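>>> Next come a sequence and a model predicted from it.
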Amino acid sequence: MKRNPKRVDLTIPMVEEMELTATQTAEALGRFMGWNQEKTDETKMALIEACLNAFEHSNSEDRRVLINFELSEEAMTIRIGDSGNGFDPEFARKEAVRKREQGESRRGWGLKIMEEMMDEVDIQSDQSGTVITLVKRR
């Protein structure tokens, strides 16, 4: 692979099962990187969670998710962005734990799954939208 990172940009509508389009791209790029299936599957699972969070919680008016895949010799970096209302990641984590502990919800594992599946997860969010950056090293 060349020293320059390779990039793939994808825009998907916030429509049921469109996150699978993103996972097909991740699958192809995982093969390109020479990854085993486990590493690829972990990346796909984290990507699904990030997309579903945007679909369900962003309240984005344009109802689109922008996904940027960047490949380097060291890693695959995926940025998932929306132009929604944004959120406080720490509050969301605490609220999900509280609801689970009180039996109110079986949902709310998305951020935790992303963090367990990826080597790095960064969330930047404000009133103009959210960008989740997922990094999986070789």
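The structure has been received and is ready for your questions.

>>> list the helices and strands the helix-or-strand element of the chain with minimal mean pLDDT packs on?
Every helix and strand of the chain was ranked by mean pLDDT, DSSP states H and E. The lowest is helix 89-101, at a mean of 76. Applying 3 or more Cβ pairs under 8 Å, 6 or more residues apart in numbering; DSSP states H and E, one finds that helix 89-101 contacts helix 110-117. The way it works is simple: take the backbone N, C-alpha and C, and place the C-beta from them, glycine included.

>>> so for the helix it packs on, what's the average pLDDT?
If you average the pLDDT over helix 110-117, you get 90.

>>> okay, the angle between that helix and helix 89-101?
100 degrees (axes from the mean of the first three to the mean of the last three Cα atoms, to 10 degrees).

>>> Identify the residues contacting helix 110-117?
For helix 110-117, contacts defined as Cβ atoms under 8 Å, 6 or more residues apart in numbering pick out 42-43, 45-46, 49-50, 52-53, 89, 92-93, 96, 121, 123, 132, 134.

>>> quick one on the thing from earlier: any buried residues in the least confident helix or strand of the chain, and which?
Neighbour-count burial for helix 89-101 flags 89, 92, 96 (criterion: 16 or more other Cβ atoms under 10 Å).
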